[in-house]
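Novice: With the input below, show me the fold.
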Amino acid sequence: MTMKRLLALVLAAMMLTALVPALAEEADATPTYGGTLTVLGYQHNTFFLPYSTTTSDRYNAAPAIESLGRHDPETGDTYGWLAEEFVTDAENLTLTIKLRQGIKFSDGSDFNAAAVVWNFDKMVEFGKASELVSPVSYEATDDYTVVVKYDTWANTWADTIGEVRIYCPAAYEANGADWAAINAVGTGPFVQSEFVQDSHITYVRNDNYWVEGQPYLDSVKVLFISDATTQVSAFLNGELDVLRNPTTAAIDQLKDKYENVAGQAPDTAGITYMMFCSGDEASPFYDLNVRLAVMYAVDWEDMAEGIYNGLGAATPVFAVPGAYSYDDTLEIYPYDPEKSKELLTAAGYPNGFDTVITTNGENEANNQCAVILQAYLSMVGINAEIKNLTNADFNAQKAEGTYDLGIMINNGSSKLDFTANYIRLYSSEGVNYKNMMAKPADYEEALFGARAAKTQEEKKELLKKAARLFSHDYALVVATGYQLPYCFAQEGVHDTGILMTTAESWTPEKAWKEAK
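Specialist: Modelled structure (predicted):
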């Protein structure tokens, strides 16, 4: 067994078991009422989640807008939240969603099957049918039951639809789309009282929340702080109660003084990745040999260490140890610049070529990755210009853009089960990268096969195959490194759920602070 494979196994064991002590420790504490929790937000795009193109919007809206289901942090299974139960019928190709009764939106209107169907309609209208697993139809069969019909079996129905957040139809219809984009109205434990662009969101306690005895806090404040140094200063000054996803420099500064309260499950790890423009014939990266040339041109272990300042690791696929799609029999591409030059010559580029590396530049790891990649590419004759875009400009190209026919660098969250994520983002059924990324038939056959698998073992094997084709053999989207999550909290802050299950989910209704 190689040292790299041994390390992967050790990391996998850590990620699957590290949640248990943390959860037990929190369970022993007795919540108290009152206080304001201040957390770090993501850049705001929209609160109207049926029209959202990035999962980070869910995080900012979480105090007010809730999902139909939630994920168990230990097993990864979906259980009902606003939905009481998900009933799958493989023979009749239906998913029946049985909703909890007696819940109201914060404006006093009823949460019911009609509201769920309305949200589904808006998602389909916006081109997001894949986030419902592309149903044939759906309907409210009574006030608290929605039946979704499909033409093909998929084992991701409950997992995918469980992630759907439900916005208040009455609030939207009364005020319009522009208003809904900056006003979060849902069934959640808090009600939005203030939104200041690029500054903060304030939520106050929803006294009519449907979970008895919750929430514990009086209010939640979500701060927009893009500068990493300012984030740390706010945390050290006590202006910020929870610092999630700190930079590697901040981790070094804080790890000896504060406990890392993040869960270590695959769903919470962060991945920095690059996507080649493999879907447009005008791009040099349309040629597999050129993409493979880049794979051999980079020392991937050095890349991962450089991105995360020694706290990261390399992975041969777009997944981390412990994920269903992770294959511990694969090795990362070896660093072989001569092989890279041979492949470039075979592709018709003996002297290299010029290209562009576009980054979502509001993330330190992305920028670090771009600089390292640029240096390695220059050594094999590929001259790359770096373009650092704002989050908004970067996201504007996601659906149909090609990022100057070059390489795109971004970051995201790992998943225990990547099936729905790969399909939603990186397939012919997806909402993004329609022109940027090629979709080889054997990759999609394996991916869609994983979705249709009748057993968990069959699903895992097909998903591993899809991941290998996607990010290793075809080098369409390549993980440039990953890092286990870090989240620091002030003493006396409990049960926020931040970075415990997924990157975008947390539990504002359970969060509480010790009285000082």
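Novice: residue ranges for the helices of the stretch 301-450 of the chain, please.
Specialist: In the stretch 301-450 of the chain, the segments counted as helices under DSSP state H, counting those that start in this stretch are 337-346, 364-378, 391-396, 419-425, 441-452.
Novice: And for the stretch 101-250 of the chain?
Specialist: Going by DSSP H, counting those that start in this stretch, the stretch 101-250 of the chain shows helices at 113-125, 157-161, 169-175, 177-181, 228-236, 248-254.
Novice: and the last one, which residues are buried?
Specialist: Taking 16 or more other Cβ atoms under 10 Å as the basis for neighbour counts, the residues of helix 248-254 that come out buried are 248, 250, 251, 254. For glycine as for every other residue, the C-beta is placed from the backbone atoms N, C-alpha and C.
Novice: same check, this time on the fifth one
Specialist: Along helix 228-236, these residues count as buried under the neighbour rule (16+ other Cβ under 10 Å): 228, 231, 232, 234, 235, 236.
Novice: how much does it deviate in direction from helix 364-378?
Specialist: Interaxial angle, helix 228-236 versus helix 364-378 (axes from the mean of the first three to the mean of the last three Cα atoms, to 10 degrees): 150 degrees.
Novice: before we move on, the earlier item: so which of the helices of the stretch 301-450 of the chain is the most packed in?
Specialist: Stretch with highest mean neighbour count among the helices of the stretch 301-450 of the chain: helix 419-425 (a mean of 23; mean count of other Cβ atoms under 10 Å).
Novice: Check the gap between the residue nearest to residue 201 when sequence neighbours are not counted and residue 214 for me.
Specialist: Distances taken as Cβ to Cβ, 6 or more residues apart in numbering put residue 222 closest to residue 201, at 4.3 Å, once the chain neighbours are dropped. For residue 222, the distance to residue 214 equals 19 Å [Cβ to Cβ, to the nearest Å].
Novice: Comparing the two, which shows the higher neighbour count?
Specialist: Per other Cβ atoms under 10 Å, whichever of residue 222 and residue 214 has more neighbours is residue 222, with 23 against 19.
Novice: mind listing what that one touches?
Specialist: Applying Cβ atoms under 8 Å, 6 or more residues apart in numbering, one finds that residue 222 lies in contact with 38, 39, 40, 41, 60, 63, 200, 201, 202, 203.
Novice: ok, 6 Å please
Specialist: The contact partners of residue 222, taken as Cβ atoms under 6 Å, 6 or more residues apart in numbering, are 39, 41, 60, 201.
Novice: that older thread, the residue nearest to residue 201 pairs with what?
Specialist: With DSSP bridges as the criterion, residue 222 is bridged to residue 39, residue 201.
Novice: now the strands: where do they sit in the stretch 401-516 of the chain?
Specialist: All strands of the stretch 401-516 of the chain, identified by DSSP state E, counting those that start in this stretch, fall at 407-413, 477-483, 487-489, 493-494, 512-513.
Novice: related to what we said a few turns ago, among the helices of the stretch 301-450 of the chain, which comes closest to residue 476?
Specialist: Closest to residue 476 of those, according to Cβ to Cβ: helix 441-452, at 7.7 Å.
Novice: I'd like to know which elements the closest one is packed against.
Specialist: Helices and strands touching helix 441-452, as assessed by 3 or more Cβ pairs under 6 Å, 6 or more residues apart in numbering; DSSP states H and E, comprise helix 419-425, helix 456-468.
Novice: picking that back up, export the strands of the stretch 401-516 of the chain to CSV and tack on mean neighbour count and mean pLDDT?
Specialist: Converted to CSV, these look like this (neighbours: other Cβ atoms under 10 Å; pLDDT from 0 to 100):
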stretch, mean neighbour count, mean pLDDT
strand 407-413, 23, 93
strand 477-483, 25, 96
strand 487-489, 23, 97
strand 493-494, 20, 97
strand 512-513, 24, 98
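Novice: any chance of these in TSV, plus distance to residue 273?
Specialist: Formatted as TSV, the strands of the stretch 401-516 of the chain follow (distance: least, Cβ to Cβ, whole Å):
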stretch	distance to residue 273
strand 407-413	6
strand 477-483	5
strand 487-489	21
strand 493-494	31
strand 512-513	36
